[in-house]
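> sequence and computational prediction follow.
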2 protein chains.
Amino acid sequence: MRSVSIIGIGQSPVGELWDRSAREIAYTAISAAMADAGIDRADALFLGNMLSGNLLDQEHMATLVADTCGLHGIEAAKVEAACASGAAALRVGAMAVASGFHDVVIVAGVEKMTDTVGKDTTAGLATAADAEYEALHGVSFVALNALIMQRYMYEFDVPLDAFAGFSINAHRNGANNPNAMFREAITLQDYLKAPVVATPISIMDSSPVCDGAAAVVLVPTERVKEFTTGHHWGSVQILASASANDTLAVHDRRDPLYLEAAAISSQKAYRQAGITPQELDLFEVHDAFTIMAALSLEACGFAGRGEGWRLAQEEAIGIDGQIPISTMGGLKSRGHPVGATGIYQIVELVLQLSGRAGANQVKNARLGMAQNIGGSGATIVTHILGS
Amino acid sequence: MRSVSIIGIGQSPVGELWDRSAREIAYTAISAAMADAGIDRADALFLGNMLSGNLLDQEHMATLVADTCGLHGIEAAKVEAACASGAAALRVGAMAVASGFHDVVIVAGVEKMTDTVGKDTTAGLATAADAEYEALHGVSFVALNALIMQRYMYEFDVPLDAFAGFSINAHRNGANNPNAMFREAITLQDYLKAPVVATPISIMDSSPVCDGAAAVVLVPTERVKEFTTGHHWGSVQILASASANDTLAVHDRRDPLYLEAAAISSQKAYRQAGITPQELDLFEVHDAFTIMAALSLEACGFAGRGEGWRLAQEEAIGIDGQIPISTMGGLKSRGHPVGATGIYQIVELVLQLSGRAGANQVKNARLGMAQNIGGSGATIVTHILGS
């Protein structure tokens, strides 16, 4: 198997991009990634996207985006795994290069969730859950996460304000990210007085509905030198890539408070990279909801069961903490354009591992992990990158 | 790169399966493929599906199907490229095995297009076209193909009944396929008096709206023997896999009557397999519309420009013809559950290449090609299999 490296990254700002359609947002990210890599063609484009069929009445999105970018005669396919679509697409791109099917591959993620005429974005997001056994009963995606958070608080006797630190950390970091949707730091008071979406989840526990796209360029590590001459910044290697699934419906889980798929995929990733979690310099968690950050930290070996919330403090997860998370704002502050999120996480890891993360630079960052979650823990994809 | 072989196949009947939801139809095909392969687990499931988000309000379909099949803790992802989703998913499965990411991979395709409450299947199919520049103007997917067919007839001075032979051949073959949707042979008279859908396309030129699922099991060729001992039927090798795209909108093509992506992907496939088209024993074409069969035969080297329709005769494309096509009924008679079609084609090739095609067996079939088309020629995936 050939080793795979990233030689280019690009991203659009995240926000309510009412003046741009999905294809234009994707073009922004892909053209930036191609320029960053110094390439003007590619062998394939794999696109992470969840909702184009449901919200935009547009399938065939990968070929549409390739077309918009002037990439004809190449392979193009969309990869979908709900909110884990971005990382799922990265895996396909990595397989394409590792196998020798392709040499130069673009992996992008794009989502357009706002300004979708006549469509219901909340209902769209619920398509990540089981349509016939969960969504049919009227439960929304945030409601499913609220049920999990409520149960967690009850089971482990955790107060609501215990989660505030995840949100405060994300906003503190997002304030320095020019592409973040929310660039204001928040206080504990802001967290406590935030409007509730679905008890106990408030808007400060949950990531926003938004638009955005991110992209990376992959090549075989053995060919990196051909692309990184001159003023090029270098490259970052994919040291591990693993994916695991669980039951789609939360009610089918043995334990709805344990992200079994996160445990499986992170353990696989640690083995592939030959490291322990303690060796990681940073971790881009899937903090779509604060409860998910806590559960992910537990399942990935950073905290015991029911103890993940104790890490929600600056000395633990801040830029200079033991395990910095959401270093560019995470899903909460940078934003969560669902099918693009997994690629934003990778772009941000690459920024950190190549020393280009600006004010949020984690010192001497050499090893970083990203975890992208689809549904309420039903598909979990973990990547470890190294510089 | 590791060579990849198919050791198991399965399919559901194609039709209006009102008594079964998408997950159940997929289960039928996947459980059959696993039994055929003699396996009770797999490392990954890649699922070709186009319309679940648009018609069923269900994304995250691959994990849902894996869950239904009792496959937990594995990788699951949906691959979408409009009507080429099945073959696009097969490519991803092949990459996963070729790269060494996985050893035992299930690739399935599923589509549920009928009995979709409150949804418009015709509008769903139009999501394969450009939503903002084609579908917005009210053109349906069959209308786009009708425009192409009309222009072809004008440009090359071709009479309407010239296409009848494609439909007659498909129905003659489908009559012997127990899983085909339409199992009646048709005559030239039936073709000529068929109701028109969009001039000049009649129902005898177009594939039906239907439900169905098909599945295959992939392993590295070097490990085939471990799985094919005892009463197992053997295996079929993937000799070539290629994909190419074109502009999404037909009006952006240099020549709307030439399937450039078919030419690129078939030429790549011939090179990979080290063969000429004349060496193929059969060809499963993407006859979603009779015009597409003609254009595909031209672009893949079986006929000159404007001459593909001349092959629509039994001595050319029948089971005993020069290049048998649609040997189990094709999209026209077996049916076209869009995201599953690419896998049905592969299942049918495997039946032929392993001598299990029954009354429709192509004698001494050793080399077969399948071509799966997304949109009006915007994504074209070609596979060549060999026994």
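Arrived safely. Numbers count the residues shown, from 1 in each chain, chains lettered A, B, ... in the order given.
> ok, now which ones touch A:Thr121?
A:51, A:55, A:113-114, A:209 (CB atoms under 8 Å, 6 or more residues apart in numbering or on different chains). To be clear about C-beta, it is placed using only N, CA and C from the backbone, and glycine gets the same treatment.
> filter the residues you listed down to the ones close to chain B.
By CB under 8 Å from any CB of the partner chain, the members of those lying near chain B are A:Leu51.
> of the contacts of A:Thr121, which belong to helices?
A:Leu55 (DSSP state H).
> mind putting the contacts of A:Thr121 into TSV with pLDDT, distance to A:Pro13 and neighbour count?
Shown next, in TSV, are these (pLDDT from 0 to 100; distance: CB to CB, whole Å; neighbours: other CB atoms under 10 Å in any protein chain shown):
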residue	pLDDT	distance to A:Pro13	neighbour count
A:Leu51	98	19	30
A:Leu55	97	20	26
A:Met113	98	14	27
A:Thr114	97	13	16
A:Val209	98	15	19
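> I'd say A:Leu17 and A:Arg23 touch.
No: taking CB atoms under 8 Å as the definition, A:Leu17 is not a contact partner of A:Arg23, at 12.0 Å.
> which member of the contacts of A:Thr121 is positioned nearest B:Arg2?
When the contacts of A:Thr121 are compared for distance to B:Arg2 (CB to CB), A:Leu51 wins out at 35.1 Å.
> now do the contacts for the closest one.
A:111-113, A:121, A:124-125, A:127, A:338-339, B:53, B:59.
> got it, and A:Val236?
A:Val236 makes contacts with A:5-6, A:349-350, A:353-354, A:385-387, as judged by CB under 8 Å, 6+ apart.
> can you give me the helices for the stretch 101-250 of chain A?
Ranges of helices within the stretch 101-250 of chain A are A:121-125, A:141-156, A:164-174, A:188-192, A:224-227, based on DSSP state H, counting those that start in this stretch.
> what's the most buried one of the ones you listed?
Ranked by mean neighbour count, the helices of the stretch 101-250 of chain A are led by helix A:164-174 with a mean of 26 (mean count of other CB atoms under 10 Å in any protein chain shown).
> I'd like to know which elements that one is packed against.
With contacts taken as 3 or more CB pairs under 8 Å, 6 or more residues apart in numbering or on different chains; DSSP states H and E, helix A:164-174 sits against helix A:188-192, helix A:290-299, helix A:314-317, helix A:330-333.
> circling back: same list, the contacts of A:Leu51, but as CSV with distance to B:Asn179 please.
Shown next, in CSV, are the contacts of A:Leu51 (distance: CB to CB, whole Å):
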residue, distance to B:Asn179
A:Glu111, 37
A:Lys112, 38
A:Met113, 39
A:Thr121, 39
A:Gly124, 34
A:Leu125, 36
A:Thr127, 29
A:Val338, 36
A:Gly339, 34
B:Gly53, 26
B:Glu59, 27
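> how is chain A partitioned into domains?
A:4-119+A:209-227, A:121-205+A:240-386 (automatic domain parsing).
> so A:Met153 sits right up against A:Leu160, yeah?
Yes: counting by CB under 8 Å, A:Met153 does reach A:Leu160; the two are 6.9 Å apart.
> overlap of the contact sets of these two?
Common neighbours of A:Met153 and A:Leu160 (CB under 8 Å, 6+ apart) are A:Pro200.
> and the nearest residue to A:Ser326 once chain neighbours are set aside, how far from chain B?
Among residues not flanking A:Ser326 along the chain, A:Ala170 sits closest, at 4.4 Å (CB to CB, 6 or more residues apart in numbering or on different chains). Relative to chain B, A:Ala170 is positioned 25 Å away (CB to the nearest CB, to the nearest Å).
> may I have the helix or strand encompassing A:Thr341 exported as PDB, CA atoms only?
With secondary structure defined by DSSP states H and E, A:Thr341 is part of helix A:338-353. Only the C-alpha atoms of helix A:338-353 are listed here, as PDB (Å, rounded to 0.1, in the frame of the first residue of the first chain):
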ATOM      1  CA  VAL A 338     -22.200  19.100   7.400                       C
ATOM      2  CA  GLY A 339     -20.700  17.300   4.400                       C
ATOM      3  CA  ALA A 340     -17.700  19.700   4.400                       C
ATOM      4  CA  THR A 341     -16.900  19.500   8.100                       C
ATOM      5  CA  GLY A 342     -14.700  16.400   7.900                       C
ATOM      6  CA  ILE A 343     -12.500  18.200   5.300                       C
ATOM      7  CA  TYR A 344     -12.400  21.500   7.300                       C
ATOM      8  CA  GLN A 345     -11.000  19.400  10.200                       C
ATOM      9  CA  ILE A 346      -8.300  18.000   7.900                       C
ATOM     10  CA  VAL A 347      -7.500  21.500   6.500                       C
ATOM     11  CA  GLU A 348      -7.100  22.800  10.100                       C
ATOM     12  CA  LEU A 349      -4.900  19.800  11.100                       C
ATOM     13  CA  VAL A 350      -2.700  20.600   8.100                       C
ATOM     14  CA  LEU A 351      -2.500  24.200   9.100                       C
ATOM     15  CA  GLN A 352      -1.400  23.200  12.600                       C
ATOM     16  CA  LEU A 353       1.100  20.500  11.500                       C
END
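> how far out from the middle of the chain is it?
Relative to its chain's centre, helix A:338-353 lies at 6 Å (CA atoms, centre = their mean, to the nearest Å).
> does chain B have contacts with it?
No: contact of helix A:338-353 with chain B is not found when judged by CB under 8 Å from any CB; the minimum separation is 9.6 Å.
> so the helix or strand just after that helix versus helix A:290-299, what angle?
Downstream of helix A:338-353, the first helix or strand assigned by DSSP H and E is strand A:367-374. Between strand A:367-374 and helix A:290-299, the angle comes out at 130 degrees (axes from the mean of the first three to the mean of the last three CA atoms, to 10 degrees).
> so which elements touch strand A:367-374?
Using 3+ CB pairs under 8 Å, 6+ apart, strand A:367-374 sits against helix A:85-99, helix A:260-273, strand A:282-284, helix A:290-299, helix A:338-353, strand A:379-386.
> let's have those in TSV, adding distance to B:Arg41, mean neighbour count and mean pLDDT.
Formatted as TSV, the helices and strands packed on strand A:367-374 follow (distance: least, CB to CB, whole Å; neighbours: other CB atoms under 10 Å in any protein chain shown; pLDDT from 0 to 100):
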stretch	distance to B:Arg41	mean neighbour count	mean pLDDT
helix A:85-99	20	29	98
helix A:260-273	14	22	98
strand A:282-284	30	27	98
helix A:290-299	22	28	98
helix A:338-353	26	30	98
strand A:379-386	18	28	98
